[in-house]
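Peer 1: build me a structure from this.
(2 chains)
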Amino acid sequence: MRKWVLPITIVCIISGLLLSLQFKAQASLSSNPIGQRNKALVELIQNLEQEIVKYQNELTSLREELENIENNKASGQEDIQKLQQKVQKAKLKAGLLSVKGRGIKIILDDNKAGLNANPNDDPNRYIIHYENILNIITELKLGRAEAISINGQRIVTPSEIRCVGNVILVNTTRLAPPFEISAIGNPDFLEEVLISGEYDLLKGAGFPVSYTKYTKENPLEIPAYTGTFQFNYVKINE
Amino acid sequence: MWLPLLGLLFGAIIGSAISFQIPLIYAKYMSVAVLASLDSVFGGVKSVLEETFDGTILLTGFFTNTLLAALLAYLGDRLGVDLYLAAVFAFGVRLFQNLATIRHYLLCRSLKNYKGCPRK
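Peer 2: Alright, predicted model coming up:
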């Protein structure tokens, strides 16, 4: 072996090591600094959402526990049974129970075809905004809807429908199109208010919207509200 | 003859196999260090062809150049001077010069009637 082989081989090994490490670093750097920042923010959001799910699970289990305690106490006592029925009714009104019944389901989606046909137009004209959803919800309430949900998020007293950036928040959960709005109530009433309001405007503007009525035989299901009710400042006025 | 190339491959495989990754903020300094180390490799090959090879000079040159390049780039960043560009320029130019010389020597060896042989 000639005398130059060993030193050059050593240098080559280290160079190869450095090269591949640098390759790896560059590959993970592929996105720009803004992308990285976004990545950090997305991670933050995901962590927070996980936390929300954790707390919701905790809440559900606590509620179950409460129910168990109520059931245990109620053994054989008629008064307490009546009280329990009241509690159940109150829960139903508060939206804490999963419900089913006749109703209507509306599906709203962004007008992608319209945007593709007019690519130079303002894209805002072709997406479903939170106002659209808000208006439809209000109209459904007008049509005496008894339970409403959007993409599985039950609408209750503290529920918000809010636009944050390019997503819509309902019950602090991010929703993306297509939006599925379910409402339990008299399907004919609901249809009536629907086709003479926001829904009709969206349809007229070319949005791919549709609705289906659900009958008694084929009931619509709406999940329970899983969030919390906070009453820190409210006191009963006696 | 083929040992250095195998070494390069071997190093690359180790580098991609281990899970260690350079923190992204140091990637810039690392890039200068990589350039310096590549320069040393080609400088070594050139000196072999020139028959002026000295193992000690190669190894010390390799380590000091690589470390100094990274350190200077880092210092430059602290001072607000893009010394990093100076290192890229210096090593880049040297790299291409070394490559040219190596090419000349190889041509000289393979073609008997090649006129542009470098003088020794």
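
Peer 1: contacts for stretch B:30-44 next, please.
Peer 2: With contacts defined as C-beta atoms under 8 Å, 6 or more residues apart in numbering or on different chains, stretch B:30-44 is touched by A:4, A:7-8, A:11-12, A:14-15, A:18-19, A:21-22, A:25, B:4, B:8, B:22, B:53, B:58, B:61-62, B:65-70, B:72-73, B:84, B:87-88, B:91-92, B:94-95, B:98-99, B:102. Any C-beta I mention is one placed from the backbone N, CA and C, and that applies to glycine too.

Peer 1: how far away from the center of its chain is that stretch?
Peer 2: 3 Å (C-alpha atoms, centre = their mean, to the nearest Å).

Peer 1: just the contacts of stretch B:30-44: which are in strands?
Peer 2: In strands, judged by DSSP state E, none of the contacts of stretch B:30-44 are found.

Peer 1: ok, of those, which come out buried?
Peer 2: For the contacts of stretch B:30-44, a burial check counting by 16 or more other C-beta atoms under 10 Å in any protein chain shown picks out A:4, A:7-8, A:11-12, A:14-15, A:18-19, A:21-22, A:25, B:4, B:8, B:22, B:53, B:58, B:61-62, B:65-66, B:69-70, B:72-73, B:84, B:87-88, B:91, B:94-95, B:98, B:102.

Peer 1: just the pLDDT at the residue in chain A that chain B sits nearest to, thanks.
Peer 2: Of all residues in chain A, the one sitting closest to chain B is A:Gly16 (2.5 Å; C-beta to the nearest C-beta). At A:Gly16, the model reports a pLDDT of 89.

Peer 1: dihedrals phi and psi, A:Glu221?
Peer 2: phi -110, psi 140 (degrees, to the nearest 10).

Peer 1: that one and A:Gly103 touch, don't they?
Peer 2: No: using C-beta atoms under 8 Å, A:Glu221 is not in contact with A:Gly103, being 9.4 Å away.

Peer 1: list residues touching both of those two?
Peer 2: Residues touching both A:Glu221 and A:Gly103 by C-beta under 8 Å, 6+ apart: A:Ser182.

Peer 1: the two - which one has more neighbours?
Peer 2: Under the neighbour definition other C-beta atoms under 10 Å in any protein chain shown, A:Glu221 and A:Gly103 were set side by side, and A:Gly103 has more, 26 against 15.

Peer 1: run through the residues that contact the more buried one.
Peer 2: Remark: with contacts taken as C-beta under 8 Å, 6+ apart, A:Gly103 is in contact with A:145, A:147, A:182-185, A:187, A:190, A:213-214, A:219-220, A:222.

Peer 1: how about A:Gly185?
Peer 2: Counting by C-beta under 8 Å, 6+ apart, A:Gly185 has contacts A:Gly101, A:Arg102, A:Gly103, A:Ile104, A:Leu140, A:Gly143, A:Arg144, A:Ala145, A:Glu146, A:Ala147.

Peer 1: hmm, back to that, give me the distance between the nearest residue to the residue of chain A closest to chain B once chain neighbours are set aside and A:Val11.
Peer 2: Excluding the flanking residues, the one nearest A:Gly16 by C-beta to C-beta, 6 or more residues apart in numbering or on different chains is B:Gly11, at 2.5 Å. Remark: distance between B:Gly11 and A:Val11 (C-beta to C-beta, to the nearest Å) = 10 Å.

Peer 1: most neighbours among the contacts of A:Gly103, which one?
Peer 2: Looking at these with neighbours defined as other C-beta under 10 Å, the largest count falls to A:Ala183 at 30 neighbours.

Peer 1: beta partners for that residue?
Peer 2: In this entry, A:Ala183 is beta-bridged to A:Ile104, A:Ile148, by DSSP bridges.

Peer 1: test my guess that it contacts A:Leu142.
Peer 2: No: in this structure A:Ala183 lies outside contact range of A:Leu142 using C-beta under 8 Å: 11.0 Å.

Peer 1: is the helix or strand hosting B:Arg109 anywhere near chain A?
Peer 2: Remark: B:Arg109 resides in helix B:83-110, with elements defined by DSSP states H and E. No: figure legend: helix B:83-110 not in contact with chain A (C-beta under 8 Å from any C-beta of the partner chain); closest approach 12.0 Å.

Peer 1: by contact count, what packs against that helix?
Peer 2: helix B:27-50, helix B:55-79 (3 or more C-beta pairs under 8 Å, 6 or more residues apart in numbering or on different chains; DSSP states H and E).

Peer 1: tell me the angle the last one makes with helix B:27-50.
Peer 2: Using axes from the mean of the first three to the mean of the last three C-alpha atoms, to 10 degrees, one finds that helix B:55-79 and helix B:27-50 are set 160 degrees apart in direction.

Peer 1: many thanks, have a good one.
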